[in-house]
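In: Need the 3D shape of this:
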Amino acid sequence: MDTITPLTVLVVSPERFMSSLMPAFEEVLKTYRGAGTDVETEMKFKYVHSLRDLEIFSPIGVPGDFMALFVDTENLAALGGLRTDMLRLEHNFRVTRTVLVNGCCRSGPPGACQQVSHLADEMRVPPMNAHISSDFKYNKRIALKLIRMAASCTGAAHGTPARLPVVEDLQFVLANSTLYTTRMTTAGNIDMDVDSDE
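Out: Numbers count the residues shown, from 1 in each chain. Coordinates of the predicted model:
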């Protein structure tokens with residue numbers, strides 16, 4: 001019998017969020033495994049404080065399958081260094097298996113959320129807003145969302161890896177759906193004109 005390789009979820013978070021995130025992820029994972037989900041792969045978590053702690057710049061690459069990258073927007077100076085480190089990530093991993101999480105969307109300085117969104121757009125990763133605090137119930141909801149994203153992106157949930165949409169993808173869909181709606185409306189108007197002539 002083949003041994004199943006555990007799915008490794010990297011949680012990259014500033015130290016001040018880590019004490020709230022670790023118990024939330026571990027608790028949700030227990031519940032998630034026992035809920036009869038169709039995830040056939042074991043999951044494990046690797047917690048680090050920064051991308052540099054992962055030693056991702058070695059030839060081996062990223063030591064995981066999915067990455068939740070938390071940003072402390074109360075420390076905006078860190079965004080510049082984060083951008084540089086993200087650019088050094090392997091491109092395919094970055095755009096298909098990474099999510100950028102604003103960890104304090106309610107308490108950061110004005111414009112901080114916008115800066116995180118711009119960084120996510122530039123890196124082509126999906127952004128997510130959260131407010132990591134001492135509220136264990138809320139932190140568990142964030143952990144559950146991220147575990148579901150990891151299962152979906154890696155193919156553990158349905159057998160086929162999915163890519164989380166980013167702003168450019170949604171803009172493409174909206175542009176094409178508007179075009180389709182316009183065509184349908186035009187076709188409907190033509191039909192109405194034809195009906196009125198009879």
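
In: From now on I want contacts and neighbour counts done on CA atoms only, so please keep to that.
Out: Noted.

In: What segments of the protein are strands?
Out: Secondary structure of the chain (DSSP state E): strands at 7-12, 43-48, 66-71, 98-102, 127-129.

In: Is it possible to get CSV of these that adds distance to Gly159 and mean neighbour count?
Out: Below are the strands of the chain laid out as CSV (distance: least, Cα to Cα, whole Å; neighbours: other Cα atoms under 10 Å):
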stretch, distance to Gly159, mean neighbour count
strand 7-12, 13, 22
strand 43-48, 15, 16
strand 66-71, 15, 24
strand 98-102, 19, 25
strand 127-129, 24, 20
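
In: now for those strands, which one comes closest to Asp135?
Out: If you check each of the strands of the chain against Asp135 by Cα to Cα, strand 127-129 wins as the nearest, at 15.4 Å.

In: strands paired with the closest one, and their directions?
Out: Strand 127-129 pairs in its sheet with strand 98-102 (parallel), by DSSP bridges.

In: between the partner strand and strand 7-12, how big is the angle?
Out: 40 degrees (axes from the mean of the first three to the mean of the last three Cα atoms, to 10 degrees).

In: picking that back up, mind putting the strands of the chain into a markdown table with mean pLDDT and distance to Ala162?
Out: Listed next are the strands of the chain as a markdown table, based on pLDDT from 0 to 100; distance: least, Cα to Cα, whole Å:
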| stretch | mean pLDDT | distance to Ala162 |
| --- | --- | --- |
| strand 7-12 | 90 | 15 |
| strand 43-48 | 88 | 17 |
| strand 66-71 | 93 | 12 |
| strand 98-102 | 93 | 12 |
| strand 127-129 | 89 | 16 |
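
In: Can you add distance to Thr84 and give the ones you listed back as TSV?
Out: Formatted as TSV, the strands of the chain follow (distance: least, Cα to Cα, whole Å):
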stretch	distance to Thr84
strand 7-12	15
strand 43-48	18
strand 66-71	14
strand 98-102	14
strand 127-129	17
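
In: Leu79 is nearest to which of these?
Out: With Cα to Cα as the criterion, Leu79 lies closest to strand 66-71 of the strands of the chain, at 7.9 Å.

In: And that closest one, what does it pack against?
Out: Using 3 or more Cα pairs under 8 Å, 6 or more residues apart in numbering; DSSP states H and E, the elements in contact with strand 66-71 are strand 7-12, strand 98-102, helix 136-154.

In: Let me have the ones you listed in CSV, extended by distance to Met123.
Out: Output for those, formatted as CSV (distance: least, Cα to Cα, whole Å):
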stretch, distance to Met123
strand 7-12, 16
strand 98-102, 10
helix 136-154, 17
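
In: Quick one: closest of these to Asn75.
Out: Per Cα to Cα, nearest to Asn75 of the helices and strands packed on strand 66-71: strand 98-102, 11.4 Å.

In: returning to what we had before: so which of the helices and strands packed on strand 66-71 is nearest Ser20?
Out: helix 136-154 (7.1 Å).

In: what's in contact with the closest one?
Out: Contact with helix 136-154 is made by 9, 20-21, 24-25, 27-29, 39, 65-68, 96-97, 130, 132-133, 156-158, 160-164, as judged by Cα atoms under 8 Å, 6 or more residues apart in numbering.
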